[in-house]
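> based on what follows, work out the 3D shape:
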Amino acid sequence: MVRKREVSGGGRAVEVTPDRLERWFARFAERNDGVLSTRLDPEQVLVRGGNGTTATVAVPFAPLTPPGGTGQAEGLAVQPLVEHLRRPRRLGLVLVRLGGHSIGIAEQGRVLVSRTDRRLVHGRNSAGGWSQQRFARRREGQARQALAAAAEDVLEVLGSRLSELDAVVLGGDRRALDDLRADRRLAPLFALAEPRVLEVSEPRRSVLEEAAERAQAVEVVVRDG
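Numbers count the residues shown, from 1 in each chain. Model (predicted):
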């Protein structure tokens with residue numbers, strides 16, 4: 001399934017796996033009067049079509065270090081990015097939403113170690129008065145317990161294996177991830193985290209397996225000329 005989303009400032013982001021990336025850019029050239037230039041920078045690749053349309057990739061697992069060096073080239077020249085993405089990597093996966101988490105280690109799209117848990121967190125109550133306050137306090141307590149359980153599982157599954165990881169890929173709810181980030185014990189793990197956060201549904205083992213494949217993909221942001 002091809003994942004697309006609208007991006008701020010206009011344009012759309014398309015998730016593309018490494019094995020499809022060359023063909024995707026070949027079709028981009030066909031649709032946009034060829035390719036004028038490709039700019040390879042350590043953290044970004046910019047391809048400019050003949051009609052002014054651009055395709056931009058934030059380089060995962062930066063920096064990009066092509067053999068010929070970075071800089072601008074005429075025409076389509078994304079092979080260094082493709083080769084960068086195809087390198088074998090061992091990744092930590094941390095998927096968290098309020099009330100659920102799935103943690104794992106993946107290599108070449110396959111989950112090697114994992115742990116998944118679900119904790120009850122009630123939804124918001126629209127009633128007013130004293131009962132609403134009591135419900136809110138109960139919900140906050142459930143949320144704290146769920147995040148504490150997630151932090152403990154992250155430490156147990158990934159904590160002793162950080163030296164084995166090339167990077168950590170995050171997914172889920174950004175607010176829940178920020179709450180985890182506040183745990184000082186997890187600072188070394190978040191130091192390895194990629195900037196991109198995967199959009200995922202309720203964390204389950206099947207969602208973790210899907211995230212293991214998506215973690216190797218890139219988002220190409222297309223803006224019309």
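
> local confidence estimate at Ser126?
Looking at Ser126, its pLDDT stands at 48.

> would you map the strands across the protein?
4-6, 12-16, 35-40, 44-49, 54-58, 71-74, 90-97, 100-107, 110-118, 167-172, 193-198, 218-223 (DSSP state E).

> now Asp183: closest residue in space that isn't a chain neighbour?
Ala151 (5.0 Å; Cβ to Cβ, 6 or more residues apart in numbering). The C-beta positions use only the backbone N, C-alpha and C, and glycine is treated the same way.

> residues contacting that neighbour?
180, 183, 185-186 (Cβ atoms under 8 Å, 6 or more residues apart in numbering).

> pLDDT score for it?
pLDDT, Ala151: 95.

> same check, this time on Gly129
Gly129 is given a pLDDT of 46.

> one more: the one 5 residues further on?
The score at Arg134 is 59. That number is its pLDDT.

> repeat that for the one 10 residues further on.
Per-residue confidence for Arg144 comes out at a pLDDT of 78.

> how about Met1?
61.

> run through the bridge partners of the closest residue to Val94 other than its chain neighbours.
Distance criterion Cβ to Cβ, 6+ apart; nearest residue to Val94, sequence neighbours excluded, is Leu170 at 5.3 Å. Per DSSP bridges, the residues bridged to Leu170 are Val94, Val197.

> mind checking how far Leu170 is from Leu93?
8 Å (Cβ to Cβ, to the nearest Å).

> more neighbours: the two, which one.
Leu93 (28 against 24; other Cβ atoms under 10 Å).

> check contacts around that one.
102-106, 111, 168-169, 171, 208, 211-212, 215.

> with Glu202 instead?
97, 100, 118.

> going by distance to Ala176, which of these wins?
Distances from Ala176 to these, taken as Cβ to Cβ, are shortest for Arg97 (6.0 Å).

> so who does the closest one touch?
172-173, 176, 200, 202-203.

> next up, the contacts around Asp166.
Per Cβ under 8 Å, 6+ apart, neighbours of Asp166: 61, 89-91.

> selection in PyMOL covering whichever of those residues are buried, please.
Listed next is the PyMOL selection for buried residues among the contacts of Asp166, using 16 or more other Cβ atoms under 10 Å:
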select buried, resi 61+89+91
